[in-house]
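1. got a predicted structure here, sequence first:
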Amino acid sequence: MRNEALVGYLLHQRPYQEKRALYYLFSQQYGVIHGIGKKGVPLFMPLQLFATGKRDLKTFSQMSIASQNAVEINAVQTGIFCEDETSTIESVPYENITGQHQYSALYLNEILWRLLPTEDPMPVLWQHYQNSLRQLKQPLSANELRLCLRQFEQHLFDELGFTLTLTHDSVQDTLEADRFYRFLPDVGLVPIVLNNMDSEHLESESAQTVFRGADIIQMAESGITETTLNNWSKLHRYLLDHLLDYQPLQSRLLWQQQQRYQKDFL
């Protein structure tokens, strides 16, 4: 790769020398790329840059904010962007997503840079990510915000090969509405034999992994909607924790701290 023009979004950065940083970039052309470039690159904005290097760690140069025109043009063809289509990093506000929505955008960034392989093109997921950022720039209710995140997570799971089958259990039997199922990420939905165990006790003891058959059937029929949102959130949370090897997400911890601070303040 030599002076290759890329369009992408910054996912994560770490200090590297006095005036440079190590960047994790989600590029439209090559997926996640690691590179070193000048400090001061903003989050949540489309960037255009040039990448050079044969190894995993590239050198990023001429990094600037891409106009919407440039992003849309690059979606259908590869090319070099004209100077009048861009503005320099210094002339654009650092953040364009704020408040609760910013925590959500940080969450999307973190699950991408922690789960995606390096230099594996994912143009469809890249477009879904860009669309999600556009949603997060708009006023959203609490449920609309959660729907945005769950829908993006579903696209991510599909891209990683974890498409969820919600019509049959782990031995390919059709789900039954009056049964309980335990979700195991590497196996699927495993039917539970209750024997003398009280169903309400089972739900409370294993809330993270156990689902009613009727709820799963509704999820499969309706998709991610406000009605099924809580169950999708539980299912996605368990699968995501599994993929992350149960290591905590910093964006989730920041969000929880912010919620506690608000309660204490009020």
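-> Structure's in. What do you need? Model, not experiment: these values are computed from the prediction.
2. buried set for the host helix or strand of residue 236?
-> According to DSSP states H and E, residue 236 maps onto helix 229-243. Using 16 or more other C-beta atoms under 10 Å as the test for burial, helix 229-243 gives 231, 232, 233, 234, 235, 236, 239, 240, 243. In short, each C-beta sits where N, CA and C put it, glycine included.
3. residue contacts, the first one?
-> So that's residue 231. Listed by C-beta atoms under 8 Å, 6 or more residues apart in numbering, the contact partners of residue 231 are 211, 215, 216, 218, 219.
4. hang on, the earlier thing: and which of the buried residues of helix 229-243 is nearest to residue 3?
-> Among those, residue 243 lies closest to residue 3 (C-beta to C-beta), at 35.1 Å.
5. what pLDDT does that closest one get?
-> As predicted, residue 243 sits at a pLDDT of 96.
6. so it touches residue 160, yeah?
-> Yes - with contact defined as C-beta atoms under 8 Å, residue 243 reaches residue 160; the gap is 7.2 Å.
7. okay, and the common contacts of the two?
-> Residues touching both residue 243 and residue 160 (C-beta under 8 Å, 6+ apart) are residue 115.
8. helix or strand for the residue nearest in space to the middle of the chain, which one?
-> By C-alpha atoms, centre = their mean, the chain has its centre lying nearest to residue 108, at 3.4 Å. Element membership for residue 108, per DSSP H and E: helix 99-115.
9. what angle sits between the following helix or strand past that helix and helix 99-115?
-> Reading on from helix 99-115 to the C-terminus, the next helix or strand found by DSSP H and E is helix 123-136. If you take axes from the mean of the first three to the mean of the last three C-alpha atoms, to 10 degrees, helix 123-136 sits at 160 degrees to helix 99-115.
10. after helix 123-136, which helix or strand is next?
-> helix 142-159.
11. for this structure, longest strand please?
-> strand 4-16 (DSSP state E).
12. buried residues, it. List them.
-> By 16+ other C-beta under 10 Å, the buried positions in strand 4-16 come out as 4, 6, 7, 8, 9, 10, 11, 12, 13.
13. ok, stretch 107-126 next?
-> Quick answer for stretch 107-126 (16+ other C-beta under 10 Å): 107, 108, 109, 110, 111, 112, 113, 114, 116, 122, 125, 126.
14. of these, which is the nearest to residue 191?
-> Nearest to residue 191 out of these is residue 111 (C-beta to C-beta; 30.0 Å).
15. residues in contact with that closest one?
-> Applying C-beta under 8 Å, 6+ apart to residue 111 gives the contacts 153, 156, 240, 244, 249.
16. and those residues, which are buried?
-> By 16+ other C-beta under 10 Å, the contacts of residue 111 give 153, 156, 240, 249 as buried.
17. and which of these is nearest residue 227?
-> Scanning the buried ones among the contacts of residue 111 for proximity to residue 227, where the rule is C-beta to C-beta, the winner is residue 153, at 17.9 Å.
18. for the closest one, which non-adjacent residue is closest in space?
-> Distances taken as C-beta to C-beta, 6 or more residues apart in numbering put residue 236 closest to residue 153, at 4.9 Å, once the chain neighbours are dropped.
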